[in-house]
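>>> I would like to see how this sequence folds:
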Amino acid sequence: MKAKSSGKQAEDIAKNYLVERAIKIVSRNFHSRFGEIDIIGIDNDILIFFEIRYRKNEHFLSAVETVDQHKCKKIVITSEVYLNKHKKYQSYFCRYDVITISGALEQPVIEWIKNAFQA
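Residues are numbered from 1 along each chain as shown. Okay, here's the model as predicted:
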């Protein structure tokens, strides 16, 4: 059996972290021709689009520094595609958060950056 990639493991860690904090996960790895959103969740009446970033070490760039303007634009456009396909969420307030995971995946350091960027 093939081992999970570190990116997939980091997404699983982030999902579990969010579920422990009462975030209802509604989708994972939503793809459009513009990009991908790692996790989509709901917190009360807020629909949150999560970008998950993992860095084993941060010698060159931190995990959050890898979410550049180009990546943010792709996430926003993909979130618009998601909302067009899932009309029941169109009345929700939307937010873009980043979850960074660093260090060894066995004992990760997790940071949740709420409202990391705007549409």
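
>>> now do the helices in the chain.
Using DSSP state H, the helices of the chain run over 6-20, 69-85.

>>> any chance of those helices in a markdown table, with mean pLDDT, mean neighbour count and distance to residue 117 too?
Heads up, the C-betas are built off the backbone N, CA and C, glycines and all. Shown next, in a markdown table, are the helices of the chain (pLDDT from 0 to 100; neighbours: other C-beta atoms under 10 Å; distance: least, C-beta to C-beta, whole Å):
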| stretch | mean pLDDT | mean neighbour count | distance to residue 117 |
| --- | --- | --- | --- |
| helix 6-20 | 94 | 16 | 17 |
| helix 69-85 | 95 | 16 | 5 |
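
>>> now those in JSON lines, with distance to residue 100?
Converted to JSON lines, those look like this (distance: least, C-beta to C-beta, whole Å):
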{"stretch": "helix 6-20", "distance to residue 100": "9"}
{"stretch": "helix 69-85", "distance to residue 100": "13"}
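
>>> the ones you listed: which one's closest to residue 26?
The closest of the helices of the chain to residue 26 is helix 69-85. By C-beta to C-beta, the value is 9.5 Å.

>>> ok, and what's touching that closest one?
Helix 69-85 is contacted from outside by 27, 30-32, 34-37, 40, 49, 51, 89-90, 94, 96, 117, 119, using C-beta atoms under 8 Å, 6 or more residues apart in numbering.

>>> mind redoing it with 10 Å?
Outside helix 69-85, the residues that touch it by C-beta atoms under 10 Å, 6 or more residues apart in numbering are 26-27, 30-38, 40, 47-51, 53, 67, 89-92, 94-96, 98, 116-119.
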